[in-house]
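*Asks:* sharing a model that was predicted from the sequence below.
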Amino acid sequence: MKRFTKGLTAVFVLVLLVGVCVGFGEASSKVRIALVLASTTDDMAWSQSMYDALLALQKQLGKDKMELVVSERLGNPVDAGAAIRQYADQGFDIVIAHGAQFQSVVFEVAEDFPKTSFAYGSAFKTAPNVFAYEPLAQQGAYLNGLLAGYMTKTGIVAVVGPVESGDAVKYNYGFEQGVRAANPKANFRIAYTGSFGDVVGAGELAKVHMDAGADFLTGSSQQAVGAVRACAERPGVYWLATDMDQSSLAPDKVLASQVYHWEKLVSHMLDLRAQGIIGGQHLYLSFADGTLEFRVSPKLADKIPADVMSKIEKAKQEIIDGTLVIELPKGTK
Amino acid sequence: MQGIVISDVIIGILATGVRLLAPFLFASLGEMFCQRSGVFNLGVEGIMMMGAFVGFFVTLRLGNPYLGVVMAILAGIVLGLLMALISVTMQAPQGISGIGLHMFCWGLSGLLFRVYVGFITSIDGFKPLPIPGLADIPVLGPILFQHNWMVYLSILFVPISWFVLFKTNWGLKVRAVGVAPQAADTLGVNVNAVRYQCLMLGGALAGLAGAFLTVGQANMYADNITAGRGFIAVALVYFGRWNPVGILLGSLLFSMMNSLQLWIQVLGINFPYEFAVILPYVVTIAALAVAVKNVWAPTALGKPFRRESI
């Protein structure tokens, strides 16, 4: 009986060891990423740009190497906080809360899960296990602004803004400076809907801008698609996109887009984790490392005069070299 | 104000205000019938969302926005029927039922969009329909007669609603069951049937309001496209004191203020945008507080009808 008990114990220990080894093996070979979004994965803007990038990364690495789960419509930070905590509790390696509004809940949860990496943005504040990321939205915005400034026929260029905060502030400042650099006499107009998600409101604001004479419009956040659609109905008007390529919505109107390549940023995070760095870094999307892209719509490329295009390319190079610095308001990093 | 004439700005403000009117008018007039019969339907926002999705989806698939509007109305009727089943037959608390209906519709419209469309795309909705002979009248033409047909219909619904409510036998029944359901019952009025009819009518108009957003205004669908307009419509019923004319005035005030703040921002007038975007709400609340005294409400509003209860 004693031998039987010893044998049983040995088998039990063996099984346990094998299990632990397999478990470790799985944990080290498969990275588990959870994404928390304020809007939806099909908003054609901020949220979708990150979701599509993570899907691309998953395709690149293979589903056996990367698990991806997503929670949508969590604009309320309290609800988002509950989801972030649950994902951390379930053992996810990286929890990405895709919005600056999630800062306080991310820091609160991160303290309780020191081995989990958290990431959020646009932001700059970090913690030992928290990455902050931010697109240098002003860079592509500046190029969009140059394009608008050089090409406007009415001399009126307009922004359909959501709320004056976060990424939108940097984008709008960069855009304005681009417009003014190209065309000091241009009439630059900016207005806000007071919402990130009011698609109908953004469309109405775009219509008012166009009624008042604007022929080049731009704007950030998920509501922008409403403005893109409004532009599609007016002749002689163009839209300049940000976050992602929005030309599928109005192929004859979206002249150029600033595209965020989040997949490269998240891939960098994975590399850092492999080196044992699970947070504490402020990561950027920029032209310099190719995580930002300025994409001219192939269908409309011939609408842009060659000299304008060369000036834009030159400005882009100067931004990369650091010889052209786009000013931001005080307090904005 | 460079490059733009003041008169054009004024015409622009008024024309935009009229264009913004339609969804509020449709939804508020529908909600007015519900509340006049004694049922408080907070699910308007959700029904609008479903109407918006159905209108968009049918137009996308069949290429016919008129059919989209019809199907959105039918969807609204079905959801009104659901609200009636819950709040009239099952006598669940109306406020909670309405919020539940809103959440249900928000989830369902998002799910259907994800499953059957999957990405943001646009449709060919209704184009402006200038009224011959009237659209060219200076000033008044662009303000009133150069919109799509749904805008005209929404304004036309005001006198129609007034007539139905105050000049028809059915309207009298609606008012009776909203004020004294027991008395109406003793006179042979089927209280629950009238409430069912009002909720179905309210649902139809909320569905129409939603369809306007996608087929008549944005020409696309996105998650949570109503962005609170259904709740504003409910508030406008109170502002309008359960009267179509009052609702028209409230909706006009709200829409015009909204249009004004858009133009203030666009023209670069030195006014903080944070105040501009809340202007329609502040002015409407102020007008409600100053102008509307001795608020009368249907006395049976929110109370389920039980034949034996007094």
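*Replies:* Cool, the structure landed.
*Asks:* helices of the chain, residue ranges please.
*Replies:* Since you didn't name a chain, this refers to chain A. In chain A, the helices defined using DSSP state H lie at A:2-29, A:46-61, A:77-89, A:103-112, A:137-151, A:167-182, A:199-211, A:224-232, A:262-274, A:306-321.
*Asks:* that answer is for a different chain, and I need it for chain B
*Replies:* Under DSSP H, chain B gives helices at B:6-36, B:44-62, B:65-84, B:94-116, B:140-144, B:149-167, B:169-179, B:181-186, B:191-211, B:229-239, B:244-266, B:273-291.
*Asks:* next, the angle helix B:149-167 makes with the third one.
*Replies:* Spelled out, that is helix B:65-84. 40 degrees (axes from the mean of the first three to the mean of the last three Cα atoms, to 10 degrees).
*Asks:* quick check: buried residues in helix B:65-84?
*Replies:* B:65, B:68-80, B:82-84 (16 or more other Cβ atoms under 10 Å in any protein chain shown). C-betas here are computed from N, CA, C, even on glycine.
*Asks:* average pLDDT across that helix?
*Replies:* Average pLDDT, helix B:65-84: 98.
*Asks:* is that helix positioned near chain A?
*Replies:* No: residues of helix B:65-84 contacting chain A under Cβ under 8 Å from any Cβ of the partner chain: none, with a closest distance of 14.1 Å.
*Asks:* run through the neighbouring helices and strands of that helix.
*Replies:* In terms of contacts (3 or more Cβ pairs under 8 Å, 6 or more residues apart in numbering or on different chains; DSSP states H and E), helix B:65-84 is packed against helix B:44-62, helix B:94-116, helix B:191-211.
*Asks:* could I get the average pLDDT for the second one?
*Replies:* Spelled out, that is helix B:94-116. Helix B:94-116 comes out at a mean pLDDT of 96.
*Asks:* give me the distance from it to the chain's centre.
*Replies:* Centroid separation for helix B:94-116 versus its chain: 17 Å, with Cα atoms, centre = their mean, to the nearest Å.
*Asks:* can you tell me how far residue A:252 sits from residue B:9?
*Replies:* Counting by Cβ to Cβ, to the nearest Å, the separation of residue A:252 from residue B:9 is 29 Å.
*Asks:* and for residue 215, the neighbour number?
*Replies:* Let's take chain A. 21 (other Cβ atoms under 10 Å in any protein chain shown).
*Asks:* ah, I was thinking of chain B
*Replies:* 30.
*Asks:* if we can go back for a sec, can you redo the helices of chain A as JSON lines with mean neighbour count?
*Replies:* Below are the helices of chain A laid out as JSON lines (neighbours: other Cβ atoms under 10 Å in any protein chain shown):
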{"stretch": "helix A:2-29", "mean neighbour count": "10"}
{"stretch": "helix A:46-61", "mean neighbour count": "19"}
{"stretch": "helix A:77-89", "mean neighbour count": "19"}
{"stretch": "helix A:103-112", "mean neighbour count": "18"}
{"stretch": "helix A:137-151", "mean neighbour count": "27"}
{"stretch": "helix A:167-182", "mean neighbour count": "24"}
{"stretch": "helix A:199-211", "mean neighbour count": "26"}
{"stretch": "helix A:224-232", "mean neighbour count": "28"}
{"stretch": "helix A:262-274", "mean neighbour count": "18"}
{"stretch": "helix A:306-321", "mean neighbour count": "15"}
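*Asks:* okay, those in JSON lines with mean pLDDT and distance to residue B:146 next?
*Replies:* Converted to JSON lines, the helices of chain A look like this (pLDDT from 0 to 100; distance: least, Cβ to Cβ, whole Å):
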{"stretch": "helix A:2-29", "mean pLDDT": "51", "distance to residue B:146": "64"}
{"stretch": "helix A:46-61", "mean pLDDT": "96", "distance to residue B:146": "35"}
{"stretch": "helix A:77-89", "mean pLDDT": "95", "distance to residue B:146": "43"}
{"stretch": "helix A:103-112", "mean pLDDT": "96", "distance to residue B:146": "47"}
{"stretch": "helix A:137-151", "mean pLDDT": "98", "distance to residue B:146": "29"}
{"stretch": "helix A:167-182", "mean pLDDT": "95", "distance to residue B:146": "31"}
{"stretch": "helix A:199-211", "mean pLDDT": "96", "distance to residue B:146": "12"}
{"stretch": "helix A:224-232", "mean pLDDT": "95", "distance to residue B:146": "16"}
{"stretch": "helix A:262-274", "mean pLDDT": "96", "distance to residue B:146": "44"}
{"stretch": "helix A:306-321", "mean pLDDT": "97", "distance to residue B:146": "36"}
